[in-house]
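In: Need coordinates for the below:
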Amino acid sequence: MQIHDLFPAPGSRKPRKRVGRGHGSGHGGTSGRGHNGQLSRAGGGKGPGFEGGQNPLHMRLPKLPGFKNRFRTEYAVVNVARLDERFSAGDVVDIDALHAAGIVKSKTVPVKVLGDGEITKALTVKVDRASGSAKSKIEAAGGTVETL
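Out: Take a look at the predicted model:
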């Protein structure tokens, strides 16, 4: 078989419909659009999203999805139970120590300590924020909390 022997399967290739090229073509005159009306005109028809005169869905829905504060501070959250299992008594827990222990991923994100779990060791915690319950649990265990 040579390249010049190849041909498409019969019936797989059809010539393009050429409308508006005379009556002999079968698609002359009104070019298959009928006589009058909206769909016979150039650019006629209804746009996408038209719902028969009813208020369309994209106009019925709220314009914006709520409110997002552009100035919100996102904190890396650490619970006191994680501090208890990763650090020994007397350690200073700051952002560098948390990053070295693998608790926080980034040194630039501020850290907040929350009071979920229990703590039994006296730690010196130096973080950006601490909840009231976390502060009371750390101080009850003999540690101190310093907020930066």
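
In: where does the residue in the chain sticking out farthest from the centre land in three-state SS?
Out: The outermost residue of the chain, judged against the average C-alpha position, is residue 24 (57.0 Å), by Cα atoms, centre = their mean. Three-state assignment for residue 24 (DSSP: H, G, I helix; E, B strand; the rest coil): helix.

In: residue ranges for the strands of this protein, please.
Out: With DSSP state E as the criterion, the chain has strands at 76-79, 92-93, 111-114, 124-127, 129-130, 144-147.

In: can you list those strands in CSV and add distance to residue 57, mean neighbour count and mean pLDDT?
Out: Using the backbone N, CA and C atoms, a C-beta is placed for each residue, glycine as well. Formatted as CSV, these follow (distance: least, Cβ to Cβ, whole Å; neighbours: other Cβ atoms under 10 Å; pLDDT from 0 to 100):
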stretch, distance to residue 57, mean neighbour count, mean pLDDT
strand 76-79, 39, 18, 96
strand 92-93, 53, 18, 95
strand 111-114, 41, 22, 97
strand 124-127, 48, 21, 96
strand 129-130, 43, 20, 96
strand 144-147, 49, 14, 95
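
In: I'd like those strands as JSON lines, with distance to residue 46 appended.
Out: What follows is the strands of the chain, written out as JSON lines (distance: least, Cβ to Cβ, whole Å):
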{"stretch": "strand 76-79", "distance to residue 46": "52"}
{"stretch": "strand 92-93", "distance to residue 46": "65"}
{"stretch": "strand 111-114", "distance to residue 46": "54"}
{"stretch": "strand 124-127", "distance to residue 46": "60"}
{"stretch": "strand 129-130", "distance to residue 46": "56"}
{"stretch": "strand 144-147", "distance to residue 46": "61"}
